[in-house]
Every structure is written in structure tokens, then in C-alpha cells.
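Asker: What follows is a predicted protein model with its sequence.
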Amino acid sequence: MAWRLDGRIALVTGASSGLGASFASVLAAHGAHVIAAARNQDALAKVAEQIAHAGGSCDVAHLDVADANSITALCEKLQRVDILVNNAGIARTVMAIDHGEADWDAVLNTNLKGQFLLARGVANVMRGQAAGSIINIASVVGLRQVPGLTAYAVSKAGLIQMTKQLALEWARYGIRVNAIAPGYFETDLNTDFWKTEPGRAMIQRVPMRRLGRKGELDGALMLLASDASTYMTGSVIEVDGGHLVSSL
């Protein structure tokens with residue numbers, strides 16, 4: 001079946017919680033051996049344990065995508081990578097007029113520079129295989145505007161353009177580069193916000209009038225990770241409940 005990933009190795013960043021942990025579990029459930037990477041090793045160990053309990057295969061690796069040396073150290077250990085889910089990211093909620101340089105650098109270094117350095121490192125492994133799928137996790141905020149998220153929005157917009165640029169350059173090596181742009185999804189980090197008045201107001205602006213649910217990114221993930229998308233590169237799949245087509 002095109003959706004099966006048996007025998008493939010998938011590296012997932014930001015895999016210690018939230019969407020990253022979910023992505024790791026889904027890929028493992030479809031047969032991939034997962035390398036779950038993040039800074040929080042205790043949380044990663046729990047993710048790996050849950051995957052193993054479900055019958056999957058998972059190793060863990062320390063990775064700080066804001067640290068070029070950490071990226072280099074991990075890439076030097078990789079013998080094979082078939083799938084990269086470039087998921088790690090952070091946000092700072094502050095109005096642009098008050099945005100500090102340190103916060104700006106932290107967001108851009110993690111969400112854009114780090115994503116590029118890791119993609120480049122993994123691409124050098126994939127080039128030797130003449131095949132591979134890189135999946136960048138962008139956001140609808142990279143395509144629309146949300147007050148207070150300037151650095152995050154800029155980083156995700158840059159990631160979308162980077163996806164297209166790398167797709168153009170790396171197609172000759174058999175490497176596909178695509179992106180998923182999620183809308184509003186509830187995670188452990190934002191669950192309290194969605195219960196507030198501003199959070200509820202934001203949900204009401206989504207045409208489906210609800211947040212994305214666990215599992216509703218699985219289809220896009222598996223499409224791009226598997227042989228079902230062998231003629232796709234440079235694509236951005238929006239999973240947002242219709243947010244991008246909402247009226248002004």
C-alpha cells in the first residue's frame with residue numbers, strides 16, 4: 001500500500017510534545033522507524049515508550065534547532081533518513097512596537113534558520129540515497145496576519161518560501177520538499193488560551209467554528225510522507241477549517 005512506511009526512517013523534530021509527538025506516533029503506526037528529536041529528553045523517553053507500547057519502533061535524539069552545533073552533531077550520526085518532519089518551533093506573543101531583539105532572534109533562529117540548517121544537513125544524507133521527503137510544518141499565520149505574532153508570522157512565511165525554493169533546487173536529487181500549514185489546533189501549550197474570551201473569539205472567526213482535532217493532520221502528513229505523493233514537491237497543504245477562505 002502506498003501509505004505504508006515499512007523499512008523507512010523518519011526524523012521528527014519537536015517530538016517531545018504536542019503536534020511533534022503526534023506526528024512521531026502516526027509515522028511509527030504506519031511502519032516507519034522514528035527518530036524523535038527534541039531538547040527535553042525525559043518527555044522524549046515517554047513518547048518513545050508510548051510508541052513502543054503501541055507496537056512501533058522509536059529512538060530518541062537530543063536536538064536544539066536553535067543551535068547549529070547541535071544540528072551538525074545529529075546530522076553526522078545519521079546513516080539514512082527517508083522522511084524529515086521539520087516541526088520544532090516557538091512563538092512570542094507581543095505587539096510589534098514592543099518587540100525586543102532577543103525575542104525576534106529566538107523565534108527566527110528556531111523557526112527559520114534552524115529549519116533550514118537541519119533540512120540542509122538531512123538533504124545531504126538523502127542526496128546519497130537519491131530519495132527523500134522533507135515536510136516543513138508551517139502555519140496559516142504565515143499566509144495571514146494575527147496581531148501580536150509578527151516574528152512568528154514572518155518566520156512561517158519564510159518557511160513557506162523556503163519550502164518552494166528547496167523543492168526547486170533539490171528535485172534533481174530525488175528529494176521532495178513540501179509543507180503543511182495548520183490552522184488553530186489545541187495542544188498542551190495553548191489549551192488554556194482557547195478557554196479565554198480572546199481565544200473563543202478567534203475560534204468563531206474560523207468558518208468551521210471549531211479548533212482542529214487530534215488526528216486531523218494525519219492525512220496530510222501521511223500523504224506527504226508516503227509514496228502517495230511521489231509527484232508532489234513545493235506544495236503547501238492548508239489544514240485550517242477554512243480559515244484562509246474566511247471573509248474579511
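Answerer: Looks like it arrived, so ask away.
Asker: Go through the lengthiest helix in the chain and flag the buried ones.
Answerer: Longest helix of the chain, by residue count under DSSP state H: helix 150-170. Residues 150-160, 162-164, 166-167, 170 are the ones in helix 150-170 that count as buried (16 or more other Cβ atoms under 10 Å). C-betas here are computed from N, CA, C, even on glycine.
Asker: again, but for stretch 137-151
Answerer: Buried, per 16+ other Cβ under 10 Å, within stretch 137-151: 137, 138, 139, 140, 141, 142, 143, 148, 149, 150, 151.
Asker: Next: stretch 83-100.
Answerer: 83, 84, 85, 86, 87, 88, 89, 90, 91, 92.
Asker: Alpha carbons of it, as CSV, please.
Answerer: What follows is stretch 83-100, C-alpha atoms only, in CSV (Å, rounded to 0.1, in the frame of the first residue of the first chain):
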residue,chain,number,x,y,z
ILE,A,83,11.4,11.4,6.0
LEU,A,84,12.1,14.6,7.8
VAL,A,85,9.3,16.3,9.7
ASN,A,86,10.7,19.8,10.4
ASN,A,87,8.3,20.6,13.2
ALA,A,88,10.2,22.3,16.0
GLY,A,89,9.1,25.9,16.6
ILE,A,90,8.4,28.6,19.2
ALA,A,91,6.3,31.8,19.4
ARG,A,92,6.5,35.0,21.3
THR,A,93,3.2,36.9,21.7
VAL,A,94,4.0,40.6,21.8
MET,A,95,2.9,43.6,19.7
ALA,A,96,5.5,44.6,17.1
ILE,A,97,6.0,48.1,18.6
ASP,A,98,7.3,46.4,21.8
HIS,A,99,9.1,43.5,20.2
GLY,A,100,12.6,43.0,21.6
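Asker: you'd agree residue 80 is up against residue 129?
Answerer: Yes. Contact criterion Cβ atoms under 8 Å: residue 80 and residue 129 qualify, at 6.6 Å.
Asker: Now do the strands in this structure.
Answerer: Secondary structure of the chain (DSSP state E): strands at 9-13, 33-38, 57-62, 83-86, 132-137, 175-182, 236-239.
Asker: can you give me the mean pLDDT across the last one?
Answerer: For strand 236-239, mean pLDDT rounds to 98.
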